[in-house]
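Engineer: Model the structure of this input:
(2 chains)
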Number of protein chains: 2
Amino acid sequence: MTVTTPKGFRASGVAAGLKSDGAPDVALVVNDGPDATVAGVFTANRVKAAPVMWSQQVLKGGVVRAVVLNSGGANACTGTQGFRDTHATAEHTATVLRGGAKPLLVGPGDIAVCSTGLIGELLPMDKLLPGVNAAAKALDADGGAAAANAIMTTDTVPKNAVFHGDGWSIGGMAKGAGMLAPALATMLVVLTTDAVAGSESLDTALREATRLSFDRIDADGCMSTNDTVLLLASGASDRQPTQEELTEAVTAVCHDLAQQLIADAEGATKHIAIEVLGAESERDAVEVGRTVARNNLVKTALFGNDPNWGRILAAVGTTQAAFSPDRVDVAVNGVWVCRGGAAAEDRSKVDLAGRDVTITVHLHEGEMAATIWTTDLSHAYVHENSAYSS
Amino acid sequence: MTVTTPKGFRASGVAAGLKSDGAPDVALVVNDGPDATVAGVFTANRVKAAPVMWSQQVLKGGVVRAVVLNSGGANACTGTQGFRDTHATAEHTATVLRGGAKPLLVGPGDIAVCSTGLIGELLPMDKLLPGVNAAAKALDADGGAAAANAIMTTDTVPKNAVFHGDGWSIGGMAKGAGMLAPALATMLVVLTTDAVAGSESLDTALREATRLSFDRIDADGCMSTNDTVLLLASGASDRQPTQEELTEAVTAVCHDLAQQLIADAEGATKHIAIEVLGAESERDAVEVGRTVARNNLVKTALFGNDPNWGRILAAVGTTQAAFSPDRVDVAVNGVWVCRGGAAAEDRSKVDLAGRDVTITVHLHEGEMAATIWTTDLSHAYVHENSAYSS
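Structural biologist: This next block holds a predicted model:
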């Protein structure tokens, strides 16, 4: 049920002392092949962490043999020294893997790097590099769960997912608990598959999958400097799914992980689906869903179990989507509290006691639809994010 | 120091029972002339409350003799009945003013209407109309303070401001404590002046003033359905300032009121100025300032007295503004914690104990600058906005 479920992968997670509490903080995922094709999607933030800049370069070669990940420091906004540190981490990882019990013929250009944690501070390389040694020694064909553990930051649970095809599979792990935003988040995701697939085919599958999963969750509208989603293929199953099969499978795993991320978002007490129906275009549906999902007044109302549809309508009114205010319907957990832009069913009928909330906005402009998943804005969110760096 | 400071105006504020706690909730501002020129700026939200749609029509005539305002209900998302209620309010106000102690020759088309409060519920007209009678009876040349009191919702203090010119003056009142967003907010503002000025001249002054004041405050990024700023001129001073003098004076009063609004924003513990320097264009400077001001991670960090400049840089990275990540400098309360996109002065030097916070972002791309004012994201914000309608 992890990144080591597909054949051809080993992984590990160890504690290197980057986290002050002694929790695991360095992970390694190695692709033993025979193939080493890869695809990646990275943050759209123009302020990119050093490991993002590094991994983007590495992926241009179309081959990745290993991913080294650390929590306990984002290595973002760290200038040229930060980039040198990422480079050194890849160099060191390659050296260690070349000299391991099962030597791999790799150079630094085959190693992707991911970091997560506080922005603006240099990584303690004197701890990270020995951690890589330990992680390489710990590599195991059952090491996926340990790796998923080591990349957690404020996550309360590790996130893993798997898809079983006909003789092939996909495994995945993710971390991310806040800053889940469109175009990704402080989110690190590594997906592995033993399918036979070229890098272009992986890229097609991954872009479609992220568009419909990670790009449709939005915890607080903030966008991280470090977001990375990698998909590595070993070809070890000797099975080659069609493009459609591959895309569907990657999408399913990404959707599963995305729902786990939103379920564990910082300080959330509600798991909210904003379902937009009757839109003129998918773009309109996504814009409306995202705008409602980001609205602090809607989010605080839901924290307070208040089906305040007026705030929802006011949020829709700030979009550029095609709609007419006097034709919009809004339901909260299936109760149509607003029809034609005005009050309809009694709001006291709405049951908001549970964790799951569905808000349905019907624009009556066309046939397109989209769902955005988000969380409420709670006291715990404020607490966790006002105390994070101290 | 109120809307009745300029000559030619009377005002009042009374309790009509729209608010359950018995606080004043209906206000009236009357322009006794001789002139009745007017300008107005309204919410950019596409979901507009009935009184906004009404007042926009009224202003097309270029004449407003009175403004009737109520708190205790926004009359937004109330369909055709809501619009009929606004129309009836204007009709009734005109009738009452024609028959008052100092009869005014007015029709409903001379009456602007403003409402504020919960969205989605019809106003209790059986309370509002008698309230208008009482407000008309209470009209007084010293009634400005009472009017400012009656338009409060979650405001903790009334907001008034004044400007004294050479023989003429401007007075203003405002309400608004949350949803302060660009292109205005759940904000009602009435400005009065005894200057002689045509409606076009008033419009020029008001648009420039709001662009530099109300459009540059942003408490939670949300945009109301009811925002209205009205500027009424009586000409009673017989003085005609130049366009420049008028614009400067209106801008000064609007700036004063905007600062009072942000100082009283719902649940705020910090009054934050985001100062953007070195931008290629004013548009870039405003975009960067606004984006930082709206970032929940920046706002929670400041609530926690944490000079987390990494979050500021990550927010800047989501804009379209011209900048290079490795040339941005950031100061918090004068301490340059980030230079060239990386850590600089020790963040422990930053003193965030006080209420006032200045964040300076220098883009080093040009000579343009802008300041956006905002608040932090606190437990009190979550509390107030999760409990508002219940």
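Engineer: hey, what's A:A27 bridged with?
Structural biologist: Beta-bridge partners of A:A27, counted by DSSP bridges, are A:G13, A:L69.
Engineer: shaky segments in the stretch 51-200 of chain A?
Structural biologist: A:177-185 (pLDDT under 70).
Engineer: where exactly do the helices run in it?
Structural biologist: Assigned by DSSP state H, counting those that start in this stretch, the helices in the stretch 51-200 of chain A fall at A:79-98, A:125-137, A:144-150, A:199-212.
Engineer: Highest mean neighbour count out of the ones you listed?
Structural biologist: Across those, the average number of neighbours (mean count of other C-beta atoms under 10 Å in any protein chain shown) peaks for helix A:144-150, which reaches a mean of 26. To be clear about C-beta, it is placed using only N, CA and C from the backbone, and glycine gets the same treatment.
Engineer: With distance to B:V361 added, can I get the helices of the stretch 51-200 of chain A in TSV?
Structural biologist: Converted to TSV, the helices of the stretch 51-200 of chain A look like this (distance: least, C-beta to C-beta, whole Å):
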stretch	distance to B:V361
helix A:79-98	17
helix A:125-137	30
helix A:144-150	35
helix A:199-212	30
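Engineer: Take the ones you listed and lay them out in JSON lines including distance to chain B.
Structural biologist: What follows is the helices of the stretch 51-200 of chain A, written out as JSON lines (distance: least, C-beta to the nearest C-beta, whole Å):
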{"stretch": "helix A:79-98", "distance to chain B": "3"}
{"stretch": "helix A:125-137", "distance to chain B": "16"}
{"stretch": "helix A:144-150", "distance to chain B": "22"}
{"stretch": "helix A:199-212", "distance to chain B": "18"}
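Engineer: ok, for A:E245, nearest residue in space, not its chain neighbours?
Structural biologist: Distances taken as C-beta to C-beta, 6 or more residues apart in numbering or on different chains place A:G165 nearest to A:E245, at 6.7 Å, with adjacent residues excluded.
Engineer: and what of A:R290?
Structural biologist: Nearest non-adjacent residue to A:R290 (C-beta to C-beta, 6+ apart): A:I372, at 5.4 Å.
Engineer: try A:V276
Structural biologist: Closest to A:V276 by C-beta to C-beta, 6+ apart is A:A285, at 4.2 Å.
Engineer: If you count neighbours, what's buried in the strand or helix carrying that neighbour?
Structural biologist: Using DSSP states H and E, A:A285 maps to helix A:282-294. The neighbour-count check on helix A:282-294 (16 or more other C-beta atoms under 10 Å in any protein chain shown) flags A:D284, A:A285, A:V286, A:E287, A:V288, A:G289, A:R290, A:T291, A:V292, A:A293, A:R294 as buried.
Engineer: cool, and stretch A:329-343?
Structural biologist: Result for stretch A:329-343 [16+ other C-beta under 10 Å]: buried residues A:329-333, A:335, A:337-343.
Engineer: which outside residues touch that stretch?
Structural biologist: A:307, A:309, A:312-313, A:324-328, A:344-347, A:349-352, A:357-362, A:364, B:47, B:77-79, B:81-82, B:120-122 (C-beta atoms under 8 Å, 6 or more residues apart in numbering or on different chains).
Engineer: The same query, at a cut-off of 7 Å, please.
Structural biologist: Contacts with stretch A:329-343, where a contact means C-beta atoms under 7 Å, 6 or more residues apart in numbering or on different chains, come from A:307, A:309, A:312-313, A:325-328, A:344-345, A:347, A:349-352, A:357-362, B:77-79, B:120-121.
Engineer: Buried only: go through these for me.
Structural biologist: For the contacts of stretch A:329-343, buried by 16+ other C-beta under 10 Å: A:307, A:309, A:312-313, A:325, A:328, A:344, A:347, A:350, A:352, A:357, A:359-362, B:77-79, B:120-121.
Engineer: quick one: pLDDT of the residue nearest to A:R290?
Structural biologist: You'll see A:I372 listed with a pLDDT of 93.
Engineer: how close does the residue in the stretch 101-250 of chain A that chain B sits nearest to sit to A:D264?
Structural biologist: Here the residue of the stretch 101-250 of chain A nearest chain B is A:I119; by C-beta to the nearest C-beta that distance is 2.6 Å. To A:D264, A:I119 is 21 Å away according to C-beta to C-beta, to the nearest Å.
Engineer: just A:A94 next, same as before
Structural biologist: Distance from A:A94 to A:D264, by C-beta to C-beta: 33 Å.
Engineer: can you list the domains in chain A?
Structural biologist: Chain A breaks down by automatic domain parsing into domains covering A:9-263, A:271-386.
Engineer: Tell me the pLDDT of A:M223.
Structural biologist: Per-residue confidence (pLDDT) for A:M223: 77.
Engineer: Was I right to think it contacts B:V316?
Structural biologist: No: A:M223 lies out of contact with B:V316 (C-beta atoms under 7 Å); the separation is 11.0 Å.
Engineer: What parts of the stretch 101-250 of chain A come near chain B?
Structural biologist: A:L118, A:I119, A:G120, A:E121, A:M179, A:D220, A:G221, A:C222, A:M223, A:S224, A:T225 (C-beta under 7 Å from any C-beta of the partner chain).
Engineer: Which of the helices or strands spans the last one?
Structural biologist: Counting by DSSP H and E, A:T225 is held by no secondary-structure element, helix or strand.
Engineer: burial measure for it, as a count.
Structural biologist: Using other C-beta atoms under 10 Å in any protein chain shown, A:T225 is surrounded by 30 other residues.
Engineer: Can you tell me how far it is from B:R339?
Structural biologist: Counting by C-beta to C-beta, the gap from A:T225 to B:R339 is 18 Å.
Engineer: Check what pLDDT the closest residue to the residue of the stretch 101-250 of chain A closest to chain B other than its chain neighbours gets.
Structural biologist: In this structure, A:I119 finds its nearest non-sequential neighbour in B:G310, 2.6 Å apart by C-beta to C-beta, 6+ apart. If you check B:G310, the pLDDT there is 90.
Engineer: Just confirm B:G310 is within a strand.
Structural biologist: No: counting by DSSP: H, G, I helix; E, B strand; the rest coil, B:G310 is not found in a strand; it is helix.
Engineer: quick one, what contacts A:Q260?
Structural biologist: Counted by C-beta under 7 Å, 6+ apart, A:Q260 has contacts A:K159, A:A174.
Engineer: at 10 Å instead, please
Structural biologist: A:D155, A:V157, A:P158, A:K159, A:N160, A:A161, A:G172, A:A174, A:G176 (C-beta atoms under 10 Å, 6 or more residues apart in numbering or on different chains).
Engineer: can you check A:V38 too?
Structural biologist: Neighbours of A:V38 in contact, by C-beta under 10 Å, 6+ apart: A:31, A:55, A:58-59, A:61-65, A:67, A:110, A:112, A:199, A:202-203, A:206, A:230-233.
Engineer: cool, A:W373 as well?
Structural biologist: A:180, A:213, A:216-219, A:255, A:258-259, A:261-263, A:265, A:271-275, A:289, A:293.
Engineer: do you know which of the helices of the stretch 51-200 of chain A lies nearest B:K299?
Structural biologist: For the helices of the stretch 51-200 of chain A, the distance to B:K299 is smallest for helix A:79-98, at 26.2 Å, taking C-beta to C-beta.
Engineer: shared neighbours of A:M223 and B:V316, which are they?
Structural biologist: The contact sets of A:M223 and B:V316 overlap at A:N45, A:R46, A:V47, B:N295 (C-beta under 10 Å, 6+ apart).
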